[in-house]
Every structure is written in structure tokens, then in C-alpha cells.
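> predicted model follows, preceded by the sequence.
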Amino acid sequence: MIDFSLLNPEQRAAAEHVEGPLLVFAGAGSGKTRVITYRIANLIQNHRVYPGSILAVTFTNKAAEEMKSRLGRLMGDQAKGLWVGTFHAICARLLRESGRVIGVEPNFLVYDDSDQVDVIKQILKSLDIDEKQFPARQISYAISRAKEKLLGPEEFEKKAFEFFDRVVARVYPRYQEALQLANALDFDDLLLKMIQLLQHDAQILERYQDRFRYILIDEYQDVNYAQYILVQLLAKKHHNLCVVGDDDQSIYSFRGAEVELILRFQKDYPEAVMIRLEQNYRSTQPILDAAFSVVSQNRSRAPKRLWTERTEGMPLTLTRAQDDSDEAQLVADYLQRQVLKGDRTYGDFAVLYRTNAQSRSFEDAFRRNRIPHRIVGALRFYDRKEIKDLLAYLRLIVNPDDAVSFRRVINAPPRGIGAQTQQTIQAHAAIINGSLWDACQDETFEKRLSPRAKQALGHFTKMIEELRQQAHSLSVTALVKNALERSGYWHHLQMEGTTEARDRIENLMEFMNVVAVFEETSEDKTLLAFLQHASLVSDMDSVQEQGNEVLLMTLHTSKGLEFPVVFLVGVENGILPHSRSETPRDIEEERRLCYVGMTRARDELHILYAQARRVYGDFRWSQPSPFLKALPEEELIPLHRVMYSSTSAYQGISPAILRALSQEEYDPFTETEAFGEERADIRDPVSPESLLFLPGQRVNHAKFGFGIVIRTEPAAQGDYYVTVMFSGATGLKTILASTGLLKGA
DNA sequence: TTCAGGAATATTTTT
DNA sequence: TATTCCTGAA
């Protein structure tokens, strides 16, 4: 039996809802996943719903995994047979099951964005369109947006009036043909084809409607139009649709997400029950208040406000830094102190920023200060060149007609098949109206090549052909090994001997681990199954294990996570909101981004901005973000005040006391005083250089002379002991940092 | 064919 | 400032 007593009344109402549409507004940290899992458990255990008739859709694999494991914990084997997965994974699975009737072969592979761009580049070349004027990326983006709106090439063509769109309209149909030829679907196609399938065949539609009697969509504020239509189709018959989301956390409109769709839910389903989860189990009240004051400036949002039982808490800090490196140094100083005092460990902190480029100054500062840290999500595992190359080999083994993979590996590593030869292949393929692979196999083709190229190409095709043969008998692990060896890829990397090559080799070995795990856990152990699996998981959760390190990430990647202490940095006009956001709609999304960042914080939230920063090389002045004007000013203190106050137990002390610690009133919006002066003024009494000692550092003592710091350990009252090895006969001594007898040397 | 150096370019990125 | 992509010389 499920114990509902752990839920608050609203959570419980949502979890106990059985029939009919349900809309749950689940604010940040409101226990959303708990509600979802309890509701599913309730359906199965108390209402005898067959697990296989429940469909739970998420946006990320991580969320899907999380849900599965929590369901498993809650009810063990009873959760078996549930459909839990991302939109894309579920569509892929269903299309393999019954996509044939609309011409989708079950062995299709999925093209990711860089594959798309590659295809489009080729098309641009063949159409003689200038890539400078019409970048492949932008065209691919335009096609993707069209598909999200369910516009096929013909429909798009009819609506394409602008110059750029006219070009897109020429590329789009060819792009589709190219995918068809390679038996590939892109991410958007997975949804598009699924919808086509359901609209094409009433029987199949009804079969799926009956199969998925209970549908649950997580993060509903992020659905795009295609996903919305798909959900409508599936839920049409039984109306047992539960959507969970938070319009305040909609930050993916550039990927096609439409907030309006969650706000419209009650119009779509007038009988829908609406529940708001407003109790927050994560942050302190000051943090929630500040976050609310920011996001409530938005005009288009459903009314709601988070509250918590954690009414006491450290007030936010708002700090103006001199420039970006000063900003990073301030953060480094602050967190280093907390760790030295024993109040926190490195893993308690997260630095959140708007753009990836901002990570640089923090990396520099953290490295300088020997602060363990990790940048999250900058380069995804499957986006690495070596991994993509290897995957291309594997895809080519499964399907030699895959043009993208063919081009990718034909000369990687360099094997003497250069641009000239590749062009010849391309041209011949066009003549015989076949794939690149077909062209190489064609008898009349060889005459067109130089002997040298002929030999090189012969080696290549023979190698692929042999690997293809082996695919029937060998395990994926063995195939991967063979592919790396036979292709010369492995050897090539080994020869290079650079650190970079070493990294690549390491990544490839990590990849082999992934393969091994797949072979252990998957039922279908074929290479095809592996590729299909790999194309839908990008983040590789397995290598993301936590260490005790400060995490750095963009605001986007921070969604769904939480940290004891959050530094929200670079909160400046032009960065947050970003200068590229123009319309009021854009600005509202930027504000939500700010809100998402703020609500990641459990105990402490520190907001920083710089007066100037280096942008693409040159210095530029910045202004604080207009979003900050919404913050309750009387609650704000700059970080220096907290840092250099003699009170160690800053946690839990009242805002009044903290304010009293500061000598003067602090107004974050006046730009009058010279910052340098203010800074010196604050730092002088106890500058960080004089109090912060790290192992390995050289120091000078008033009496003992020179020495090297061996270790530091927390003492009372925020102070700490520094153990130093002094030169000469003095040897080891332990000195209390606050005595001020030690100086950096 | 390859590789080195110069020009162009630089939000966010669940799948 | 860094990175990527493209062009021209060896």
C-alpha cells in the first residue's frame, strides 16, 4: 500500500486523481516527481490499472531514468511494463513497431543536428548556394522549426515568402530525399512520422489510444506544437491526460517550446482539474521571495507563488565586481573561505551563468586558487569528434548507404582519399542515381580514378565490407575493437602522442565501457540496436558521477537541479537578458531563466555582476540587469561584507545584524563612487591574501621566517589553523590564521 | 593530398 | 580572446 501521508494536501489530491484530464502546476522544488510516481503507483495498486497502459513522457533521458528508479523503489516489480521515456525514444519505438505502413523501415537510424548540417551542406553545394550567405546551421534550424509546426516541404514552400525562406524551401525537399535515401530520420521526423502514422491509419490510432489509457506528460511547458498534437491524438479517446509543468520555467522557446500550450490546457479540456503545487521543499523564504519578485514581473504567467516552512535564512547578496575576473575571484574567495572554515565542501557550490563563454574567468580563477571544479554539459560525450567518427564507422557497417557517415570516415584517419576523389565519387553517384557506396562498387567507376586513389579506395571499401561480414557473428564490443584497429583510427591516435590524442583515446575507451554496459543490460544486443539506443542518449549519465567539486554550468543546464549555495553571475544588461533577445516575449523568457537560476539555491543565493567585462577580446562597460530592480533592496548585501565580517556564524543570523555589519548603506544601482576605492576600503582590514592559506603556498612568518603551508584545518569562529614547515631548525609549526602573523610570500 | 596559417565569427541546446 | 573553417603553398 502506498503511504499518502508523506504528501501535502495538494500533492495528495494530484496523486489520487484517477480519471479525466489533470493539470498540475508544479513550481520549482515542489515535489513534482514524487507526485508523479505516487500517482502512477496509485493507479496500479489501488485502481488495478495495467502498467502497460500507462505512458509517462519526459523530455530528457535523465528524467526518465529518475522516474523509473523512483517507481522501482516505490513498488518494485509492479512497475514493470510501464512506458516511461522521452518523446523521441517512445516515438522511435512505436515507429519500429508499426512505421512500415507509412514507409518507415524499422531499421532506420537517427540523425542528430550535426548530421543534419552535414546533409544540408552537401545540398547547398549541389545547388550552388553560397554558404556564407545561407549558413547550413540556420537552414537546418529553419527546417527543424518548420517540422515542429508540422509543415512538410510543400506546405512550407507555399508559406515561404521571404528571401531566406525561399532558399530554405529549395533545400527542404532535397533534405528529406537525402534522409530517405540514407534510411534515416532526424529528431523532428520521429515526431512527425509518428503523427503521420496516427493520422494515416485509424486502426493504429485506436490501438494506441487504447493501449495508452493513461498518459502523463512531464515538463509540459516545454512541448512544441508537434508534441502537443501527438499528445492530443493519443489522449483524444479516453481523456486521461495528466500534464505537469511550470510556465515560469519555460526556457526553451528557441527549440520550439510554446508556453501558451500549458496555459491553454483548460481550454483544450474544459473538464480538467487544476492543481497548484506551491509549497517548496528546497529553498529558504528569502530566496523564494526574491525569485518571485523577479518572475512576477512577467505579464503572461499563471498566478501562483511558492512558499516554504523554512522561513529563516541567509539574505541574498548582491555584489558588484570590477570586471569578470574580479567577479570570479570574489566567488573563489568566498567559497574557499567557507570550505576552510569547515562550513561547506566544494560540492555544495554551483556557479550559474547565461553563456558558456562566461565560464572562462571562473575556470582561470578556480585553477589559480586550486579549487576543484567541473564544467557541466559544455561538450557532450557523443558530440566529441572521435566518438562521432567511431559511430560513423559503426553506422556505415549497418548501412553503407549512409552518406553522412561515409563522408565522415572515408578519409579519417587520412588515407589518401582527398577532396578530388571524393568529388568524383559524388559525381558518379549522381550519374548512376545511387548512394556513394553504390558508386564505389560500380564497375564503370574505377576507370575515372587515378591508380593511387583507386588503391586507397579499394582498401577502404574492402575494410568496410569485411566488418560488415563480421557484424553477423561478432559482438558489438568485438566489432568496435575491430573497426578501430582495421580503420587505422586507433593507430593514428597512438602515433600522434599529444595530450589531445591521449584524451581522445581515453574517450574511446570510455565508449567501449558504454558498449559493454549495453551488451550486459540490453535484450537486443545487435549493432543496430546499440546505434539506435546511442542516438537517443546524448548526455551519458554514467560518466557524470559527482565528486567533491564546484559545478559550473549555464542556466539552461541547471534546470531541475539544486545546490546548497548558488552563485548567479554576470547578471548584467545584455547578458541576462541577453542582447539577442528583443521582443517582450524574449525578455520574459530571459526573466524566467533568471528565475530558474535563483530557485536552484537551497540555502544561499549570491548574485553578482561586473562593471566591465572582456567580450570577444575587448573591454566593455556593463550595467546591472534591469531584472535586479525587482529585488527587495533592503535585503541585499554585497558579498565582501559577509566575507570579511568577523562573524563566522553568518548562517541563520538576521538580516538586521548582517546589515549592521556593513558600515554604510549599500545601493546597488548608484554608479557614482569609484569602485576601486570602495573595494580597497572593504578589503583593507582583512584582505583575503592575508587570511587565505593553501597547502603548497609559500608564506612568511614574523618570527619564524619563510615556510611552506602543509595543511589547513578549521578552528573555532571561522578561524583556522595553518600548519607550516619552516626553513632551518624551526620545522613544523601550527599557527592560528587570525593572529595575522603569517603573510603570503 | 595535406597541413599551416589567416580570416571569419562567436546565446541558450532536453532529443 | 578563442575557435572554427577555409584557402593557398609545399
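Received it, and whenever you're ready, just let me know what you need.

> and the contacts of stretch A:44-63?
Contact partners of stretch A:44-63, identified using CB atoms under 8 Å, 6 or more residues apart in numbering, comprise A:1-2, A:18, A:36, A:40, A:43, A:64, A:67, A:75, A:78-87, A:89-90, A:211-219, A:222, A:231, A:234, A:536-539, A:541, A:560. No exception for glycine: its C-beta is placed from N, CA and C like everyone else's.

> please indicate which of those residues are buried?
The neighbour count (16 or more other CB atoms under 10 Å) marks A:2, A:36, A:40, A:43, A:64, A:67, A:75, A:79, A:82-87, A:89-90, A:212-219, A:222, A:231, A:234, A:536-537, A:539, A:560 as buried among the contacts of stretch A:44-63.

> which non-adjacent residue is nearest residue A:475?
residue A:519 (6.3 Å; CB to CB, 6 or more residues apart in numbering).

> how many neighbouring residues does the one you found have?
When counting by other CB atoms under 10 Å, one arrives at 14 neighbours for residue A:519.

> so what's it scoring on pLDDT?
Residue A:519 is assigned a pLDDT of 93 by the prediction.

> do residue A:728 as well
In this model, residue A:728 is scored at 72, pLDDT.

> quick check: phi and psi on it?
phi 70, psi -150 (degrees, to the nearest 10).

> picking that back up, who's in contact with the residue nearest to residue A:475?
A:475, A:476, A:477, A:525.

> by neighbours, which of those wins?
Highest count within these by other CB under 10 Å belongs to residue A:476, 22 neighbours.

> sort out for me which of the buried ones among the contacts of stretch A:44-63 are in helices.
A:36, A:40, A:43, A:64, A:67, A:75, A:87, A:89, A:90, A:231, A:234 (DSSP state H).

> where does confidence bottom out across those residues?
For these, the model is least confident at residue A:75; its pLDDT is 90.

> nearest residue to that one other than its sequence neighbours?
Residue A:75 sits nearest to residue A:41 (CB to CB, 6+ apart), 5.2 Å away.

> of all the residues in chain A, which one is nearest DNA strand C?
Closest residue of chain A to DNA strand C, CB to the nearest atom of the strand: residue A:617 (2.9 Å).

> re the thing from before, show me which of the buried ones among the contacts of stretch A:44-63 neighbour DNA strand B.
By CB under 7 Å from any atom of the strand, the members of the buried ones among the contacts of stretch A:44-63 lying near DNA strand B are A:86, A:89, A:219, A:222, A:536, A:537, A:539.

> what's the burial count for the closest residue to the third one other than its chain neighbours?
Leaving out its chain neighbours, the residue that sits closest to residue A:219 by CB to CB, 6+ apart is residue A:59, at 5.0 Å. Each residue near residue A:59 was counted by other CB under 10 Å, and the total is 22.

> got it, and residue A:181?
Residues within reach of residue A:181, counting by other CB under 10 Å, total 15.

> pretty sure it contacts residue A:403?
Yes - proximity of residue A:181 to residue A:403 meets the contact threshold set by CB atoms under 8 Å, at 7.3 Å.

> and for these two, which residues touch both?
With CB under 8 Å, 6+ apart as the test, residue A:181 and residue A:403 both reach residue A:435.

> near DNA strand B at all, the helix or strand containing the residue nearest to residue A:475?
Assessed by DSSP states H and E, residue A:519 sits inside helix A:499-521. No - with CB under 7 Å from any atom of the strand as the criterion, DNA strand B is not reached by helix A:499-521; the gap is at least 12.9 Å.

> one step back: from DNA strand B, how far off is the residue nearest to residue A:475?
Counting by CB to the nearest atom of the strand, to the nearest Å, the gap from residue A:519 to DNA strand B is 21 Å.

> got it, and residue A:242?
Taking CB to the nearest atom of the strand, one finds residue A:242 at 18 Å from DNA strand B.

> also residue A:555?
Residue A:555 is 8 Å from DNA strand B, by CB to the nearest atom of the strand.

> next one: residue A:563
16 Å.

> residue A:165 too?
Distance from residue A:165 to DNA strand B, by CB to the nearest atom of the strand: 18 Å.

> helix, strand or coil for that residue?
helix (DSSP: H, G, I helix; E, B strand; the rest coil).

> return the residues in contact with it.
A:142, A:156, A:159.

> out of those, which are buried?
By 16+ other CB under 10 Å, those give A:142, A:156 as buried.

> looking at chain A, which helix or strand is least sure?
helix A:675-683 (a mean of 32; mean pLDDT, DSSP states H and E).

> in the longest strand seen in chain A, what's buried?
Criterion DSSP state E: the longest strand present in chain A is strand A:601-615. Going by neighbour count (16+ other CB under 10 Å), the buried part of strand A:601-615 is A:601-613.

> and residue A:343, that one's in a helix?
No - applying three-state DSSP, one finds residue A:343 to be coil, outside a helix.

> burial measure for it, as a count.
By other CB under 10 Å, 18 other residues sit near residue A:343.

> and what of the one 5 residues further on?
Counted by other CB under 10 Å, the residues lying close to residue A:348 total 20.

> which residues does it contact?
A:338, A:563, A:564, A:565.

> got it, and residue A:305?
A:278, A:292, A:296 are the contacts of residue A:305 under CB under 8 Å, 6+ apart.

> neighbour count added to the residues you listed, as TSV?
Listed next are those as TSV, based on neighbours: other CB atoms under 10 Å:
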residue	neighbour count
A:278	17
A:292	20
A:296	16
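
> and these, which is closest to residue A:699?
residue A:292 (46.6 Å; CB to CB).

> pLDDT score for that closest one?
For residue A:292, pLDDT reads 96.

> isn't it right up against residue A:306?
Yes - between residue A:292 and residue A:306 there is a contact at 6.7 Å, judged by CB under 8 Å.

> ok, how many other residues are close to whatever residue of chain A ends up closest to DNA strand B?
As assessed by CB to the nearest atom of the strand, DNA strand B sits closest to residue A:418 within chain A, at 2.5 Å. By the criterion of other CB under 10 Å, residue A:418 has 13 neighbours.

> same deal with residue A:266?
Residues near residue A:266, counting by other CB under 10 Å, number 15.

> and if you look at residue A:474?
In terms of burial, residue A:474 registers 15 neighbours under the definition other CB under 10 Å.

> what's the closest non-adjacent residue to it?
Using CB to CB, 6+ apart, the closest residue to residue A:474 is residue A:482 (7.1 Å).

> so the one you found touches residue A:467, yeah?
Yes - with contact defined as CB under 8 Å, residue A:482 counts as touching residue A:467 (6.2 Å).
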